[in-house]
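Engineer: next one to model:
(2 chains)
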Amino acid sequence: MSTPRLRFAPSPTGYLHVGGARTALFNWLYARKTGGAFVLRIEDTDVERSSADMVTGILDGMRWLGLDWDEGPEAGGAHGPYFQSQRLARYRELAEQLVREGHAYYCYCGTDKERPDGPAFAGDARAAASGGGSAADREGGEGGTPRGESWTYDRRCSRLTPEEVAAREAAGAPRAIRFRVPEGETAFRDLVHGDITFDNAHIEDFVALRSDGHPTYHLSVVADDIDMAITHVVRGDDHISNTPKQVLLYRAFGKPLPAFAHVPLILGPDKRRLSKRHGATSVTEYRRQGYLPEAMMNFLALLGWSPGSDQELFTRDELVAAFSLEGISLSNAVFNPEKLEWFSAQHIARMPSPELVRRVEPLLEEAGLWPVRPGPESPVAGAPGPAIAWLARLVELLRPRAKRLTDFVEKGRPFLVEHIEYDAAAVQKYLSSPEARAHLAAVGEACASVEPFAAAALEPAIRALAGSRGVKAGALVHPTRVAVVGRAESPGLFEVLELLGRERVLARIGRALRLGA
RNA sequence: GUCCCCGUCGUCCAGGGGUUAGGACGUGGCCCUUUCAAGGCCAAAACACGGGUUCGAAUCCCGUCGGGGACGCCA
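Structural biologist: Numbers count the residues shown, from 1 in each chain, chains lettered A, B, ... in the order given. Below is the predicted model of the structure:
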């Protein structure tokens, strides 16, 4: 077989959500693994609900995740255009071809609500589900004999005489094009689920071209997948029941079927399909929350796919190397934000320092914390080397307890502002007693003279001081921590002191001493 | 309702005729420790149910139940 060609075909009626992102990821992984092409196609035939902003958002989300496409918007390609709204003539041509060849017919029924005599259906699924419509009702109607037991369009327009057609055309009745579903069964092989067979009696004569000339989903995907030479259709399980219609279309066009692979859906904690009401579902939202894109990719890849081993942490390249369609699981998966956070922490822990600094810096800038303003208490003032080197030290100090990039902003704040805020509870707990304040004052004196002002010298000095004062080191450490960062938690105190520098440490201890005086 | 898909710890995955049913997240405990994390160790925690087939079933078959999805001139 020629090289694989895969595609991700979102409709720009919303942002890129995690389900779509994972579908895109599986397609991308397979394309990259096999050296095939990854095509991005925008399915914007629903003019009402599509918007250019959504396209931009989806593209941004893809880029953030690192899912680059070989053909599509902004990339071009030999099979364009890649916006369905620019391919309308092609769909019409194909729809007319179907009619010409007897695979489809004109339908003048209009939509359900447009018809004065109600649905032209042997039954109405929604009404029946809510208690309406008996079997007797269904079978009585004019021309309405149910084919099989499903409630499908009664095909009344397929039986129109030439005179009736002429009359409707003369009256200027809007017409859609409906596909004529043949008798029999439609089967296809799914790479994930195996062979799947549908009785055609359950497939209705679906609309291929709307009366406004726009194609429906079934026509446009098949037309595009044929024209774009797509070899593998990897998409959500929710498309399984659409597939027989599309298979019928491929046959009517006389084209070979692509390989289908339907991947399980991503569910919310309530086991229902993940949606807005489950909270954050857009990829952009996770980006905003500070998750690393490589963590998101890693997490998403393992939702519904397994390498067959116990390995969980993967780099992008490792995923590409390990990926295979055989590892896709059969059952739906619940999205677990806590595990995502774990992946994020793990990827932060493994990221090379310069890269991590490069990611943190813009967030600090956005928060107005970087670059630091010049001044006597500027954190980098007394520090050796360029400011970026100082930032790298800060990032390394914070790294072990960072789960997201935003943690560097929040936990880094005391190191980047001149006047820190004091947490009331921490002050109350560690700085309110006279003993604590006396200890703190003593630490201040020690800090004024210890040489060099580095963790390696500070630690023995402060421990010795604790010994001479007859207390445990903690009795000095805790008040000092609160004094210099304003909180009860921080990285190791001695490293904190060193990074802060003598000037700022002494200033903050002095201020803390005056705090409740 | 009809059709389709699915069913291993709370969650994500491994296993797939004979295993003490494995790993990870989360949870609990312990260790480390100046705090908080991180890290290390330990623990609790699952084969939906019922029939077959078989010497033997979590694994194969059937049924039941449960869950999900699709039934638009949405995609």
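
Engineer: around RNA strand B, pick out the residues from the stretch 351-500 of chain A.
Structural biologist: Contact residues (C-beta under 7 Å from any atom of the strand) of the stretch 351-500 of chain A with RNA strand B: A:400-401, A:459, A:473-474, A:477-478, A:481, A:488-495. Yep, even glycine has a C-beta here, placed from its N, CA and C like the rest.

Engineer: now a PyMOL select for only the buried ones of those residues.
Structural biologist: Here is the PyMOL command that selects the buried residues among those (16 or more other C-beta atoms under 10 Å):
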select buried, chain A and resi 459+477+478+481+490+491+493+494+495
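
Engineer: nearest to residue A:181 among the residues of the stretch 351-500 of chain A next to RNA strand B?
Structural biologist: residue A:401 (60.3 Å; C-beta to C-beta).

Engineer: how close does that closest one get to residue A:45?
Structural biologist: 49 Å (C-beta to C-beta, to the nearest Å).

Engineer: okay, how far is it across stretch A:186-197, tip to tip?
Structural biologist: 6 Å (C-alpha to C-alpha, to the nearest Å).

Engineer: ok, residues contacting that stretch?
Structural biologist: Contact partners of stretch A:186-197, identified using C-beta atoms under 8 Å, 6 or more residues apart in numbering, comprise A:185, A:198, A:200, A:203, A:232, A:240, A:243-244, A:247-248, A:257, A:259-263, A:325, A:328, A:330.

Engineer: next one: it to chain centre, how far?
Structural biologist: 28 Å (C-alpha atoms, centre = their mean, to the nearest Å).

Engineer: swap in stretch A:2-22?
Structural biologist: Counting by C-alpha atoms, centre = their mean, stretch A:2-22 comes out at 11 Å from the chain centroid.

Engineer: what's the mean pLDDT across it?
Structural biologist: What stretch A:2-22 shows for mean pLDDT is 94.

Engineer: how about that stretch, does it reach RNA strand B?
Structural biologist: Yes - Stretch A:2-22 comes into contact with RNA strand B (C-beta under 7 Å from any atom of the strand), by way of A:9-11, A:13.

Engineer: so which of those sit within helices?
Structural biologist: Among the residues of stretch A:2-22 next to RNA strand B, none falls in helices (DSSP state H).

Engineer: can you put those residues in JSON lines and add distance to residue A:194 and neighbour count?
Structural biologist: Output for the residues of stretch A:2-22 next to RNA strand B, formatted as JSON lines (distance: C-beta to C-beta, whole Å; neighbours: other C-beta atoms under 10 Å):
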{"residue": "A:9", "distance to residue A:194": "24", "neighbour count": "25"}
{"residue": "A:10", "distance to residue A:194": "27", "neighbour count": "24"}
{"residue": "A:11", "distance to residue A:194": "29", "neighbour count": "19"}
{"residue": "A:13", "distance to residue A:194": "32", "neighbour count": "13"}
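
Engineer: state the distance from the residue nearest to residue A:422 when sequence neighbours are not counted to RNA strand B.
Structural biologist: Distances taken as C-beta to C-beta, 6 or more residues apart in numbering put residue A:486 closest to residue A:422, at 4.4 Å, once the chain neighbours are dropped. Applying C-beta to the nearest atom of the strand, to the nearest Å, the value for residue A:486 to RNA strand B is 12 Å.

Engineer: low-confidence ranges in chain A?
Structural biologist: The model of chain A has pLDDT under 70 over residues A:1, A:112-150, A:373-385, A:516-517.

Engineer: got the domain boundaries for it?
Structural biologist: The record's domain parsing of chain A by automatic domain parsing lists A:5-85+A:266-339, A:87-217, A:351-416, A:424-513.

Engineer: distance between the ends of the shortest one?
Structural biologist: Separation of the first and last residues of domain A:351-416 by C-alpha to C-alpha is 23 Å.

Engineer: run through the helices of the stretch 1-150 of chain A in chain order.
Structural biologist: A:18-34, A:52-65, A:88-100, A:125-129, A:135-140 (DSSP state H, counting those that start in this stretch).

Engineer: now mean neighbour count too, for those helices, in CSV please.
Structural biologist: Putting the helices of the stretch 1-150 of chain A into CSV (neighbours: other C-beta atoms under 10 Å) gives the following:
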stretch, mean neighbour count
helix A:18-34, 24
helix A:52-65, 18
helix A:88-100, 16
helix A:125-129, 13
helix A:135-140, 12
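
Engineer: export the ones you listed as a markdown table, with columns for distance to residue A:370.
Structural biologist: Listed next are these as a markdown table, based on distance: least, C-beta to C-beta, whole Å:
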| stretch | distance to residue A:370 |
| --- | --- |
| helix A:18-34 | 30 |
| helix A:52-65 | 22 |
| helix A:88-100 | 50 |
| helix A:125-129 | 56 |
| helix A:135-140 | 69 |
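
Engineer: residue A:502: which of these is closest?
Structural biologist: helix A:52-65 (41.6 Å).

Engineer: give me the contacts around that closest one.
Structural biologist: A:8, A:10, A:12-16, A:20-21, A:24-25, A:40, A:42, A:44, A:68-69, A:73-74, A:282-284, A:287, A:293, A:296-297.

Engineer: could you rerun that using 10 Å?
Structural biologist: Contact partners of helix A:52-65, identified using C-beta atoms under 10 Å, 6 or more residues apart in numbering, comprise A:8, A:10-18, A:20-22, A:24-25, A:28, A:40, A:42, A:44, A:51, A:67-69, A:72-74, A:83, A:282-287, A:293-294, A:296-297, A:300, A:316.
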